[in-house]
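Have a look at this fold, sequence not included:
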């Protein structure tokens with residue numbers, strides 16, 4: 001199921017970027033970011049109303065800053081819509097994916113934010129290098 005959710009999420013990220021960029025062209029970037037998050041909030045609240053899976057006491061057991069993921073979301077949406085407007089969909093998504101992969105790799109390797117530290121191997125480094133090279137080929141051909 002994890003792979004299915006990853007594939008669906010990746011597809012939704014591409015669609016979301018296009019929709020956000022088009023809305024941003026029409027109404028402006030920051031109004032677009034605001035509308036996107038308001039619509040997302042409404043949907044999340046509707047889903048939560050039917051699927052109450054929360055343990056509100058758990059907030060006491062996690063660092064307070066883990067509740068701030070939505071702040072990142074604001075800059076993700078703004079950055080993605082701006083990148084798509086300026087670079088086009090495919091190139092923007094390529095760069096975003098590589099940046100995301102490198103960030104996740106660094107988190108795994110260093111064990112940041114309570115993630116279990118994972119060792120680095122040559123295959124991982126080669127894979128990252130090939131993705132960066134792939135963006136270069138895409139960009140300059």
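Okay, I see it. Nothing here was measured: the structure is a model prediction, and the numbers come from that model. Numbers count the residues shown, from 1 in each chain.

Which helix or strand contains the residue positioned nearest the centre of the chain?
Residue closest to the average C-alpha location in the chain (C-alpha atoms, centre = their mean): residue 76, at 6.5 Å. Using DSSP states H and E, residue 76 maps to helix 69-87.

who does the helix or strand sitting right after that helix along the chain touch, helix- and strand-wise?
Next in sequence after helix 69-87, counting helices and strands by DSSP H and E, comes helix 89-110. The helices and strands touching helix 89-110, judged by 3 or more C-beta pairs under 8 Å, 6 or more residues apart in numbering; DSSP states H and E, are helix 2-27, helix 69-87, helix 122-140. All C-beta spots, glycine's among them, are computed from the backbone N, C-alpha and C.

the inter-axis angle of the following helix or strand past the longest one versus helix 69-87?
Going down the chain from helix 2-27, the next helix or strand is helix 29-50, by DSSP H and E. Relative orientation of helix 29-50 and helix 69-87, computed by axes from the mean of the first three to the mean of the last three C-alpha atoms, to 10 degrees: 140 degrees.

If you count neighbours, what's buried in helix 29-50?
Buried residues in helix 29-50, counted by 16 or more other C-beta atoms under 10 Å: 29, 32, 33, 36.

tell me the contacts of the last one?
I take that to be residue 36. 16, 20, 23, 77 (C-beta atoms under 8 Å, 6 or more residues apart in numbering).

How many residues are close by the third one?
Residue 23 sits with 17 neighbouring residues when counted by other C-beta atoms under 10 Å.

Skipping adjacent residues, who's closest to it in space?
Spatial nearest neighbour of residue 23, excluding adjacent residues (C-beta to C-beta, 6 or more residues apart in numbering): residue 32 at 4.3 Å.

That neighbour and residue 17 touch, don't they?
No. Using C-beta atoms under 8 Å, residue 32 is not in contact with residue 17; the gap is 11.4 Å.
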